[in-house]
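Colleague: Show me how the following folds:
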Amino acid sequence: MFPLCNVLRHKATGSEYSQDYSMAVDLNLKNSNLSCKIQTVSTEDHNSELTSVNQSNMSMNEKEAYIVSLDRNIPLKHLNLMFNIDQRLYNCIKTKFQDISNIIQLLYHVEYKSDQIEAMINLLKRHKLHGQVELFPSESIGDLINNYSKNPYFSTHTSLHTIKPFTDICLTCHQPLELKFKEHVYVFKNETAENGCTYSARCCHVDYYSNSYVRGSKQFITRDALLSSRYIYLAEKNAYAIELILRFSSDLTYMHASFNNFCASYNHTVRSILLQRNNNDDSILRNQILLERRLFQNTWLTYATALFIFFVSKQYEIQIPLNISNTDERNEYFNKNNLQWETEFTLFWTGITAELSRICQFVRSI
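Modeller: Below you'll find the model as predicted:
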């Protein structure tokens, strides 16, 4: 018998290695099948039907023996990671297989030789090429889920972006919240807009959403809900990845970008990316999801105001407009609180100035 582990130690590359390795696996499979046959013969006296079942399933047994033989030498989860990393790295990288070995070692604390990893990956590729056993898919899981969520033939709540309430428990009774599907939304990221789903919950007469909660006719946002969230979802059917919110903040600070210019630039960038990946007549281009200036402006202003208040004060939660898209309600909210925010900022800056003065005096005294 030609043990699989001996082949793994054998250093060879290219088609020659693949043939040798395949021969080793075939020998292993034959020996495995031979032992299976011997067991079947020994059992034949007790149950003749078992023999016919084993013979009819001989092809499946070969696949099972192949998988077991692989798993005994390298756990399948290690092998799966090797295969996925190999798909992402280009062959021109000279240290490719050593890099895969290092990544495996960092994650699983197991060391594999680079030629051992190369041998296993070549074997998997060869079997896939010849239509034999294919263990791991090469498709992008993210693309599969995203395309499925857009398919009009399926009614589903599945998406890459599941936006849940900011807390798992009720803030009043501290019992677990029961989530309910709220609506489909568009999630705007730095370079694309994708489908998403939002969930809400209700307990103790309080409605919980992704970044806020509503009690009676008042909406509140907490410090934790704002600072730990991956998405900002406050208005209608548009949600924004926190990276996009921070990107506009940076553009506003350093380039004085307006909301109109930022949204126009974003939509042009997304369209350019879509044109590289699709034909001009594709429906994805004809139905491009646009970043709408008014909705984005309302969300960013609310987010930035809340962030400012949490920065200059010790408040844990603040009230925000119940409907930030309502112009009158939003303007009344800002006019009502403008003086208070100015006072809090003055006290905050005064405190910093006094603290800096004390530090400078202390340094001089040294």
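Colleague: Surely Ala201 forms part of a strand?
Modeller: Yes: judged by DSSP: H, G, I helix; E, B strand; the rest coil, Ala201 forms part of a strand.
Colleague: Any regions of the chain where pLDDT drops low?
Modeller: For the chain, the stretches with pLDDT under 70 are 1-61, 63, 128-134, 137-138, 281, 355-358, 361-366.
Colleague: Strands of that one, start to end?
Modeller: For the chain, the strands defined by DSSP state E occupy 162-163, 180-188, 193-203, 206-208, 213-215, 218-222, 231-235, 238-241, 317-320.
Colleague: Using neighbour counts, pick out the buried residues of stretch 259-273.
Modeller: 259, 262-263, 266-267, 270 (16 or more other Cβ atoms under 10 Å). Quick note: C-beta positions are derived from backbone N, CA and C, even for glycine.
Colleague: Next up, the contacts around the residue positioned nearest the centre of the chain.
Modeller: Most central in the chain under Cα atoms, centre = their mean is Leu160, positioned 7.1 Å from the mean C-alpha point. Residues in contact with Leu160 (Cβ atoms under 8 Å, 6 or more residues apart in numbering) are 142, 145-146, 149, 194-196.
Colleague: among those residues, which ones are buried?
Modeller: Of the contacts of Leu160, these count as buried by 16+ other Cβ under 10 Å: 145-146, 149, 194-196.
Colleague: Sort out which one of these lies nearest Ser69 for me.
Modeller: Using Cβ to Cβ, Ile145 is the member of the buried ones among the contacts of Leu160 that lies nearest Ser69, at 32.4 Å.
Colleague: Disregarding residues adjacent in the polypeptide, which is nearest to the closest one?
Modeller: Excluding its sequence neighbours, the residue lying closest to Ile145 (Cβ to Cβ, 6 or more residues apart in numbering) is Leu160, at 5.5 Å.
Colleague: Need phi/psi at the one you found.
Modeller: phi -70, psi -10 (degrees, to the nearest 10).
Colleague: separation between it and Gly142?
Modeller: Here Leu160 is placed at a distance of 6 Å from Gly142 (Cβ to Cβ, to the nearest Å).
Colleague: Contact partners for Phe345?
Modeller: 308, 312.
Colleague: still on that earlier bit, CSV please, covering the contacts of Leu160 and showing distance to Tyr240.
Modeller: CSV is the format used below for the contacts of Leu160 (distance: Cβ to Cβ, whole Å):
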residue, distance to Tyr240
Gly142, 19
Ile145, 20
Asn146, 17
Ser149, 18
Glu194, 12
Asn195, 14
Gly196, 11
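Colleague: circling back: I'd like the distance between the residue nearest to the centre of the chain and Phe348.
Modeller: 39 Å.
Colleague: Over to Ser229?
Modeller: With Cβ to Cβ as the criterion, Ser229 and Phe348 are 24 Å apart.
Colleague: what do you get for Arg286?
Modeller: In terms of Cβ to Cβ, Arg286 sits 50 Å off from Phe348.
Colleague: Asp207 too?
Modeller: Counting by Cβ to Cβ, the gap from Asp207 to Phe348 is 32 Å.
Colleague: ok, Arg286 and Phe348, which is more surrounded?
Modeller: Phe348 (13 against 8; other Cβ atoms under 10 Å).
Colleague: I'd assumed Ser313 was in contact with the more buried one.
Modeller: Yes: judged on Cβ atoms under 8 Å, Phe348 makes contact with Ser313 at a distance of 7.4 Å.
Colleague: who are the neighbours in contact with Asn80?
Modeller: 135-136.
Colleague: go on, the one 3 residues further on?
Modeller: Contacts here follow Cβ under 8 Å, 6+ apart; on that basis Phe83 touches 121, 124, 135-136.
Colleague: gap between it and Glu111?
Modeller: Taking Cβ to Cβ, one finds Phe83 at 18 Å from Glu111.
Colleague: now swap in Ala304 and tell me
Modeller: Counting by Cβ to Cβ, the gap from Ala304 to Glu111 is 49 Å.
Colleague: before we move on, the earlier item: quick one: which of the buried residues of stretch 259-273 sit in helices?
Modeller: 259, 262-263, 266-267, 270 (DSSP state H).
Colleague: quick one: stretch 292-311 to chain centroid distance?
Modeller: Here the centre of stretch 292-311 is set off from its chain's centre by 25 Å, with Cα atoms, centre = their mean, to the nearest Å.
Colleague: Name the member of the contacts of Leu160 with the shortest distance to Lys180.
Modeller: Gly196 (15.9 Å).
Colleague: what residues are up against the closest one?
Modeller: Counting by Cβ under 8 Å, 6+ apart, the residues that Gly196 touches are 159-163, 184-187, 231, 239.
Colleague: Going by neighbour count, list what's buried in stretch 182-193.
Modeller: 182, 185-189, 193.
Colleague: Now distance to Cys92 too, for these, in a markdown table please.
Modeller: Formatted as a markdown table, those follow (distance: Cβ to Cβ, whole Å):
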| residue | distance to Cys92 |
| --- | --- |
| Lys182 | 47 |
| Val185 | 41 |
| Tyr186 | 38 |
| Val187 | 35 |
| Phe188 | 35 |
| Lys189 | 30 |
| Ala193 | 34 |
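Colleague: Need the max-distance pair from these.
Modeller: Maximum distance among the buried residues of stretch 182-193 (Cβ to Cβ): 20.2 Å, for Lys182 and Lys189.
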